[in-house]
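Engineer: any chance you could fold what I've pasted below:
(chains A and B)
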Amino acid sequence: MSKLLSNGQPQIGEVRAVGIVKRFPGVLANDHVDFDVKAGEIHALLGENGAGKSTLMRQLYGLYQPDEGKILIDGVEHRFHSPKDAIRAGIGMIHQHFMLVPELTVVENVALGLKSSRGFVLDLDVVEKRVCALAEQYGLKIDPKASVWQLAVGEQQRVEIIKALYRGAAVLILDEPTAVLTPQEVDDLFVTLRQMAAEGHALVFISHKLHEVLAISDRVTVLRDGRVVGKRPTQGATKEELAQMMVGRPVILQYDMPPLQCGDTLLKIEDLFVQGDRGVDAVAGLSLELHAGEILGLAGVSGNGQRELAQALTGLRPVRKGRVLLHDKDVTNASPSERMALGLSYIPEERMKEGAIRDFSVADNIILQDHHKPPYVRSIFFDFKAIKNDAKRLVEAFNVKTPTLDTPIKNLSGGNIQKLIMGRELWRRPSVLIAAQPTRGVDIGASEYIHQQLLGQRNGATTVESSVVQRRTPTQAGMEMREMLEGRREQCLATLLISEDLDEIRALSDRIAVIYEGKIVGIVDRNEATVEQLGLMMAGVRKEEALGLKKSGDHSEKEPS
Amino acid sequence: MGDLFTLPVLLGIIYSGIRFATPYLFAAIGETFSQRSGVLNLGVDGMMLMGAYSGFFVAVKTNNLWLGLLAAALTGGLMGLLMAVISVTFQATQGISGIGLHILGLGLSTLLFTTTMGGVGTIGGFPPVRIPLLGEIPYIGDIFFNHNILVYFAFLLVPVSNWILYKTTFGLQVRAVGQSPEAADTLGVSVKGIRYITVTLGGILAGIAGASISIALINVFQENITNGMGFIAVALVYFGAWRPTGVLFGSLLFSFVNALQQWVQLKGIPIPAGMAVMLPYILTIVVLAFSSRRISKPAALTKKFERGES
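Structural biologist: Modelled structure (predicted):
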């Protein structure tokens, strides 16, 4: 009846969700949401974390069942009890965290859960043939025999797409597909997505990155607090307009960066080698200097040694070779507490594992490092009054939204937990701050706040931070906070910002160091390199070469393209 | 000590080493399936005891060894099913529920034995079967091809389970469920279903392992006859890096050292008996301590699975 797609499946003209309501204990995740996607289009679903995007899509994919409302495919109502039903109906989903088994090969991952043509016995050769055919048709280059853990993130994503196509997806839901990709990989993905749409697939693109939504989608629907707050063709939309819809108030998308003033080297890393979990050197001969008053962005694709570097710098992972100097003191083998005493603070990548204790209260998490020191203890007993007092000041100063100080931290949103951790670390008046993925999984509002705080610690950023403090905390605590920040400005905090989000790196850093396979590929100044050039460096191309492409007229023989 | 190197002694040790690898193989390969799917079953020993008792009881009462074996498999399977209900459906902590099942098996088998049979008795177990042709080869035939049927089954189980794990859809699902249950779930694989099957299968094989002791190897039943063999089987799974071939190697090594130590005792070589008995266990601890195999360990081992809790 309907047109066949390249993967041999009949096209789906339209998927429509009508009046979807989904409740979780204490939360109304979707509040009468209407959403539809048509064959041949890319429909962006935009919203902050917790806006209900993933919840909505998980219902289209059968992982959750709606409490109210219905799902129509080409006008026919469908009820999905599990992903199996959704897959059978032609819907595929690429999850934000890839749903691949790392130890299995590409073909095994595709074959998993499918009926074999030989009954009980696997037919991997048959699957492999079809995987290769699909890869060819959709331009998705992949080695079918490789184990998934050996693949780069972009390749793993291609496996996910092939997996969905193999199962007959006519509709493809992509949940934040660009979050972990390099700019080049994003470009490749967009080419694939456009091709799939042109073929007649219907695509849902979930994101909170405005420029990507503008670049790839035909239509955009904005969710906020579980409700649809906007729906429009992408053509003619602006970033500011979409951001305002998403957050509910105007958002600062660009930060002022006053010039850098201080300059002593506070943290020096010399030829560092650190082993990763698999026993290979994850950090392999890395050298870096961090100066007072600067934010040094460490850009790189996930898994190139960032995590191991952060852990080695903070004393959570042993160093195999090389040296780390903090204030000219050798701390290569120092314990975390010795480093803290020297003024090192750390905002860890895994905030629930390394940054906070899930079941402890807000107040207890705030005094984690200093719980054994006055004013929190008197002889051997806690002084709960002093603890509460300080916790209250910190929570107010850093705008942490929590019902009470005794609330277990696991009940707070990601953004608020992160604000709390950041507040705790800055409250200690550090001279060197390691911030690993400070805004990952944090919504735009909280990200903006965290970014401003990080910038505020940098020398001379008077205007930004005092406006933040005034706007958000017009209280006694706010005044104290301001005094504290003034004091810290004289100390010229040095920040190492480790992030996979290139936009974040570019917005905040004075200098950008690019890490690849455990080494620094090159360091560029804030405005020295374009996104594309940084992307090349993130793929291992040396700085001179990456930047040279742009200056082709100057000294290389390359033709301008 | 020179006696050790006489041919009959060596042959005897090898023969007995192969023979007594049988219960370890059954139990550890069953446990391999269970652990590969993410369930650590520490109750193996209790399941073996129940299998040993029910196999012995039924074989004595019916005078049919095969019915005994069937009863052992069924009893073990029921124990496995119970473990699955507790740890997969009710999500109890696996280590604790396994220990509970061990104690249940130990107590129940002792109680049932004293009330239904009373004193220790013996039975004529599965007789040795000499394999035609191969069994005629001098020395080799005696050592390798003159065992009772369960010994052959145990060794056949190695290639069979290897084949199931790596060449069948079921095996692929087991491996996936033990590594990333969430991924398997999104592809419509029933994580709990697979775990039910593997844990029950582990129970069946543990039951057979128990019966192999009571009606094929030693041919008696007494209180706690396994003497911790089930726990050794769990350790052998780690030792064998969750592969049937690795488990085979571990079972043989352990069993040979055990045979050697028994011979040392028999010979009255002046080593305290207690020390000799400890030998295989010390070996297990040493080997486990020095074999760090984080890579091949199923990533979801001991982790509960509930949709939407990742």
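
Engineer: for the stretch 251-400 of chain A, which residues are neighbours of chain B?
Structural biologist: Neighbours of chain B within the stretch 251-400 of chain A, by Cβ under 8 Å from any Cβ of the partner chain: A:277-278. (C-beta placed from N, C-alpha, C; glycine too.)

Engineer: what about whichever residue of the stretch 251-400 of chain A sits closest to chain B, how many neighbours?
Structural biologist: Closest to chain B within the stretch 251-400 of chain A is residue A:278: 6.6 Å, counting by Cβ to the nearest Cβ. Other residues within reach of residue A:278, judged by other Cβ atoms under 10 Å in any protein chain shown, total 9.

Engineer: so it sits in a strand?
Structural biologist: No - going by DSSP: H, G, I helix; E, B strand; the rest coil, the assignment for residue A:278 is coil, not a strand.

Engineer: ok, it to residue A:307 distance?
Structural biologist: According to Cβ to Cβ, to the nearest Å, residue A:278 and residue A:307 sit 13 Å apart.

Engineer: same check on residue A:314?
Structural biologist: Distance, residue A:314 to residue A:307, by Cβ to Cβ: 11 Å.

Engineer: the more surrounded of these two?
Structural biologist: Taking other Cβ under 10 Å, residue A:314 and residue A:307 do not tie; residue A:307 has more neighbours (23 against 20).

Engineer: tell me the SS of that one?
Structural biologist: With three-state DSSP as the basis, the three-state label of residue A:307 is helix.

Engineer: who are the neighbours in contact with residue 106?
Structural biologist: You didn't say which chain, so I picked chain A. Applying Cβ atoms under 8 Å, 6 or more residues apart in numbering or on different chains, we find residue A:106 in contact with A:131, A:142-146, A:148, A:151, A:159, A:162.

Engineer: should've been chain B
Structural biologist: With contacts defined as Cβ under 8 Å, 6+ apart, the neighbours of residue B:106 are B:45-46, B:49, B:224.

Engineer: go on, residue B:264?
Structural biologist: So residue B:264 contacts B:271, B:276 (Cβ under 8 Å, 6+ apart).

Engineer: per-residue pLDDT, residue 308?
Structural biologist: Answering for chain A, as no chain was given. Model confidence at residue A:308, given as pLDDT, is 93.

Engineer: not quite, I wanted chain B
Structural biologist: So residue B:308 comes in at 56 (pLDDT).

Engineer: also residue B:259?
Structural biologist: 90.

Engineer: residue B:220 too?
Structural biologist: pLDDT, residue B:220: 93.

Engineer: kindly report the same for residue A:482.
Structural biologist: In this model, residue A:482 is scored at 44, pLDDT.

Engineer: end-to-end on stretch A:400-410?
Structural biologist: End-to-end distance of stretch A:400-410: 13 Å, with Cα to Cα, to the nearest Å as the criterion.

Engineer: which other residues reach the helix or strand harbouring residue B:289?
Structural biologist: Element membership for residue B:289 (DSSP states H and E) is helix B:273-290. Contact with helix B:273-290 is made by B:232, B:235-236, B:238-239, B:250, B:253-254, B:257-258, B:260-262, B:264-265, as judged by Cβ under 8 Å, 6+ apart.

Engineer: residues near residue A:60, how many?
Structural biologist: Residue A:60 has 25 nearby residues by other Cβ under 10 Å.

Engineer: that one contacts residue A:12, correct?
Structural biologist: No - Residue A:60 is not in contact with residue A:12 according to Cβ atoms under 8 Å; the separation is 11.7 Å.

Engineer: shared neighbours of those two, anything?
Structural biologist: With contacts defined as Cβ under 8 Å, 6+ apart, no residue is shared by residue A:60 and residue A:12.

Engineer: which sections of the stretch 1-150 of chain A are below the confidence cut-off?
Structural biologist: For the stretch 1-150 of chain A, the stretches with pLDDT under 70 are A:1-2.

Engineer: which residues of chain A lie near chain B?
Structural biologist: Checking chain A against chain B by Cβ under 8 Å from any Cβ, the hits are A:63-64, A:82-84, A:87, A:93, A:95, A:97-104, A:108-109, A:111-116, A:120-122, A:163, A:277-278.

Engineer: care to break chain A down by domain?
Structural biologist: A:14-247, A:265-528 (automatic domain parsing).
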